[in-house]
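Visitor: build the 3D model from these lines:
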Amino acid sequence: MSRRRYHERSDEEDEASPKRRRQENEKEGIEPSLKSLIYKLGDRKQSKASIESNLESLANVLVNDIAHHKPILLKILSQCVIFLPEKLTLYTTLVGLLNAKNHHFGADFVDTMVRNLKESLKTYAFDRAKLIVRFLADLVNCRAISSSSLLKLFDSFVEVTIEEANIPQVRSDWYVFAVLAALPWVGKEMSEKHTEKFDKLLRSIGDYIKGRRQKVYHPALRVWSSDDPHPQEEYLDCLWAQIKRLEADKWILSRILRPYFTFEGQLINSLQHTLPQIIPPSHRDDAEYPLPRVVFRLFDYTDVPEDLVLPGAHAIERFLIEEQLEYLLDQYYIERKDCTTQLLQFQHNFFERDEKIPIHYMIVETMFSQLLRLPTPPHIEIAYSAIFFELSKTEPDSIPQILAQATELLYDRMDTMCVLVDKLVRAQIVEAPSVANWMFSTEMSPEFTRFFLWEILNSTIKKVNDNVDKQQRDYEDMRDRLDATKRSMDFDQKPDDALTEDMVEKKEELVEEAQSLQKNLFLIVFQRFNMTLTDHLVRCESAGEDYNTCWYKWSIERLQQIFLTYHEQVFKYMSTLEMLIFTTDTDPHILEVFQRFCALRA
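Guide: All right, here's what the predicted structure looks like:
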């Protein structure tokens, strides 16, 4: 190549480069802009008319972007299905309007959803798969998908229940659950257009739920050991009862915001796309299906203010609201402020109008249902504590009172709970001294010698002790690092961190707070021991009975065990114990235990 031609080509490339870079920058910049535009749909509290107006405006804007940015639009809308499920009906309406304006885009979107569903099932991403199925179901209402092809998808899912006998039940349970969870959105359409086939589907589901399922695990997952006042239903049984109630109500969802009905005139003549055959992938031994669970109930209509209406246990609205709240908790639990915002504003995108739903009560109940879930909660306990704190700070006139009411209900029913108190302590919902007072309360006296009660106490004491040790270690580490920083500054060396004296002092305050809690806990435990044993001795003496009963022997040995098990911590408070609790006025039988303990270091 000649030098001249080389320069001519270089000049052409130099002229084209800015244009090419500008196109690339525009492409990179358009995705965040479109994402912001679509994600924010319905974010602010708006009237139904405003939401509908925004939907139509957004559809008109996006339809012009399809020719140049279709892959980006498909990607963003697919993300909305998974990450913003609380706005289900807003996004199905948007897709329906886009399909009415450009059916090729509608076909591409449905194809994308089908691919994502197949991939989710193949990789055991069952939560995503359930959201996609639900979205596809609601697209039937937007005239974007044919109801007959969706019914075939439901049939293929339910057929999993008649697979060979050695397939785990949790596999069949999930596929049935995915269908039932979608029916509230499309049951009316199915019932009217495919009555016979739809009835057959429901009969197959009913035969499976009421006939072939085994629920040996149910007692192990119960939070309460009693069904009074709230029956603890197995989750699939409860959802089936809610669906049957909805069927009896002619599949009418009157409270839920469904803007696509307003656009019926635009959607009625849309091209409806047919879902291809989707066969669930075969079972593999490494598949991990969602575990069964019980439906936790804490409140009923008598617990909420009279001007609010809590949906009944078998009202489908109860399931739909709780499901959405759980999605939000799972999505945002790491960031308590974002989580609080999403939980409190969720109802604005979900209800038809300002429904008198006690949403704050339902938020608290749903959080407790996760916290107390067996075998383990879905998230660490401290996350719920942080969210409760933020909720209380954001809604100071309601959440603190509801939380106090919930805690009182838990205490009232504590004797019927499985061993779950330690979760409440870890989540800082219940303070350790309260657990000790509850254990020695009159209400718990019949359970005083039960092993589970002492497991709770030991677990509570251990958590308090562990926290003291941790705070002390952290303080000593910070003090050492600060001292090292000061020494390095003396030698004109650059400090390796930004520790300050104030930070160390604040950590020292945390140590003191932890030690104060520890001291208070031990004082309460030994004081209540002293009172309980003294009452027994006085009662026996007054009745002329032998005090040395099996109960007394067991209880006095428990007192001694607490002294010995936690001797390192208790010795720090010896003088306080001797001055306030184990005084010369203490009964000699009880005082003897304390004196033996003191003699260990005499």
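Visitor: so where do the helices sit in the stretch 1-150 of the chain?
Guide: Under the criterion DSSP state H, counting those that start in this stretch, helices of the stretch 1-150 of the chain are mapped to 3-39, 48-63, 66-83, 88-101, 103-122, 126-141, 147-158.
Visitor: so which of those helices is the most surrounded?
Guide: Highest mean neighbour count of the helices of the stretch 1-150 of the chain: helix 88-101, a mean of 24 (counted as mean count of other Cβ atoms under 10 Å). In this view, the C-beta of every residue, glycine as well, is placed from N, C-alpha and C.
Visitor: what about that helix, distance to the chain center?
Guide: Relative to the centre of its chain, helix 88-101 is centred 29 Å away, using Cα atoms, centre = their mean, to the nearest Å.
Visitor: same question, stretch 526-538
Guide: 42 Å.
Visitor: how far away is residue 95 from residue 78?
Guide: 10 Å (Cβ to Cβ, to the nearest Å).
Visitor: re the thing from before, any chance of the helices of the stretch 1-150 of the chain in CSV with mean pLDDT as columns?
Guide: Converted to CSV, the helices of the stretch 1-150 of the chain look like this (pLDDT from 0 to 100):
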stretch, mean pLDDT
helix 3-39, 59
helix 48-63, 88
helix 66-83, 95
helix 88-101, 96
helix 103-122, 97
helix 126-141, 97
helix 147-158, 97
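Visitor: out of the ones you listed, the one nearest residue 487 is which?
Guide: Nearest to residue 487, of all the helices of the stretch 1-150 of the chain, is helix 3-39, at 48.0 Å by Cβ to Cβ.
Visitor: just the CA coordinates of stretch 359-371, formatted as PDB?
Guide: Output of stretch 359-371 as PDB, limited to C-alpha atoms (Å, rounded to 0.1, in the frame of the first residue of the first chain):
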ATOM      1  CA  ILE A 359     -50.900  -4.000  55.300                       C
ATOM      2  CA  HIS A 360     -48.700  -3.200  58.300                       C
ATOM      3  CA  TYR A 361     -50.100  -6.100  60.200                       C
ATOM      4  CA  MET A 362     -49.500  -8.400  57.200                       C
ATOM      5  CA  ILE A 363     -45.900  -7.200  56.900                       C
ATOM      6  CA  VAL A 364     -45.200  -8.000  60.500                       C
ATOM      7  CA  GLU A 365     -46.900 -11.400  60.200                       C
ATOM      8  CA  THR A 366     -45.100 -12.300  57.000                       C
ATOM      9  CA  MET A 367     -41.700 -11.400  58.600                       C
ATOM     10  CA  PHE A 368     -42.400 -13.500  61.600                       C
ATOM     11  CA  SER A 369     -43.500 -16.400  59.300                       C
ATOM     12  CA  GLN A 370     -40.100 -16.300  57.700                       C
ATOM     13  CA  LEU A 371     -38.200 -15.800  61.000                       C
END
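Visitor: next, the buried residues of that stretch.
Guide: For stretch 359-371, the neighbour count (16 or more other Cβ atoms under 10 Å) marks 359-371 as buried.
Visitor: ok, residues contacting that stretch?
Guide: Residues outside stretch 359-371 that contact it (Cβ atoms under 8 Å, 6 or more residues apart in numbering): 295-299, 303-304, 308, 310, 321-322, 325-326, 329, 343-344, 346-347, 377-379, 381, 384, 387-388, 391, 395, 398-399, 402-403, 406, 410, 423-424, 427, 429.
Visitor: among those residues, the buried ones, what's the PyMOL command?
Guide: Only the buried entries of the contacts of stretch 359-371 go into this PyMOL selection, using 16+ other Cβ under 10 Å:
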select buried, resi 295+296+297+298+299+303+304+310+321+322+325+326+329+343+344+346+347+377+381+384+387+388+391+395+398+399+402+403+406+410+423+424+427+429
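Visitor: tell me what the helix ranked longest in the chain is packed against?
Guide: Longest helix in the chain by number of residues (criterion: DSSP state H): helix 501-543. If you count contacts as 3 or more Cβ pairs under 8 Å, 6 or more residues apart in numbering; DSSP states H and E, helix 501-543 packs onto helix 432-439, helix 451-490, helix 550-565, helix 567-570, helix 574-580, helix 588-598.
Visitor: tell me the angle that helix makes with helix 451-490.
Guide: Computed by axes from the mean of the first three to the mean of the last three Cα atoms, to 10 degrees, the angle separating helix 501-543 from helix 451-490 equals 160 degrees.
Visitor: just how off-centre is helix 501-543 within its chain?
Guide: With Cα atoms, centre = their mean, you get 34 Å for helix 501-543.
Visitor: so what's residue 342 closest to, chain neighbours aside?
Guide: Distances taken as Cβ to Cβ, 6 or more residues apart in numbering place residue 328 nearest to residue 342, at 4.7 Å, with adjacent residues excluded.
Visitor: all helices of the stretch 151-300 of the chain, in order?
Guide: For the stretch 151-300 of the chain, helices defined by DSSP H, counting those that start in this stretch occupy the ranges 169-193, 195-207, 218-221, 235-248, 264-267.
Visitor: out of these, deepest packed?
Guide: Note that of the helices of the stretch 151-300 of the chain, helix 169-193 is the most buried (mean count of other Cβ under 10 Å), with a mean of 20.
Visitor: quick check: angle from it to helix 147-158?
Guide: For helix 169-193 against helix 147-158, the angle by the same axes, to 10 degrees is 160 degrees.
Visitor: quick check: mean pLDDT of helix 169-193?
Guide: Averaging pLDDT along helix 169-193 gives 96.
Visitor: what helices and strands are in contact with that helix?
Guide: When contacts are defined as 3+ Cβ pairs under 8 Å, 6+ apart, helix 169-193 sits against helix 126-141, helix 147-158, helix 195-207, helix 235-248, helix 316-332.
Visitor: which residue is the nearest non-sequential neighbour of residue 517?
Guide: Residue 517's closest residue in space is residue 464 (Cβ to Cβ, 6+ apart), at 6.0 Å.
Visitor: hmm, back to that, closest one to residue 586 among the helices of the stretch 1-150 of the chain?
Guide: It is, among the helices of the stretch 1-150 of the chain and with distance given as Cβ to Cβ, helix 126-141, at 58.4 Å.
Visitor: dump the closest one to CSV, keeping only the CA atoms.
Guide: C-alpha atoms of helix 126-141 as CSV (Å, rounded to 0.1, in the frame of the first residue of the first chain):
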residue,chain,number,x,y,z
PHE,A,126,-37.9,-22.7,40.7
ASP,A,127,-38.7,-19.2,42.1
ARG,A,128,-37.9,-17.7,38.7
ALA,A,129,-39.9,-20.4,36.9
LYS,A,130,-43.0,-19.7,39.1
LEU,A,131,-42.8,-16.0,38.3
ILE,A,132,-42.6,-16.6,34.6
VAL,A,133,-45.5,-19.0,34.6
ARG,A,134,-47.6,-16.4,36.5
PHE,A,135,-46.6,-13.7,34.0
LEU,A,136,-47.5,-15.9,31.0
ALA,A,137,-50.9,-16.6,32.7
ASP,A,138,-51.6,-12.9,33.1
LEU,A,139,-50.7,-12.2,29.5
VAL,A,140,-53.8,-14.2,28.5
ASN,A,141,-55.8,-11.4,30.0
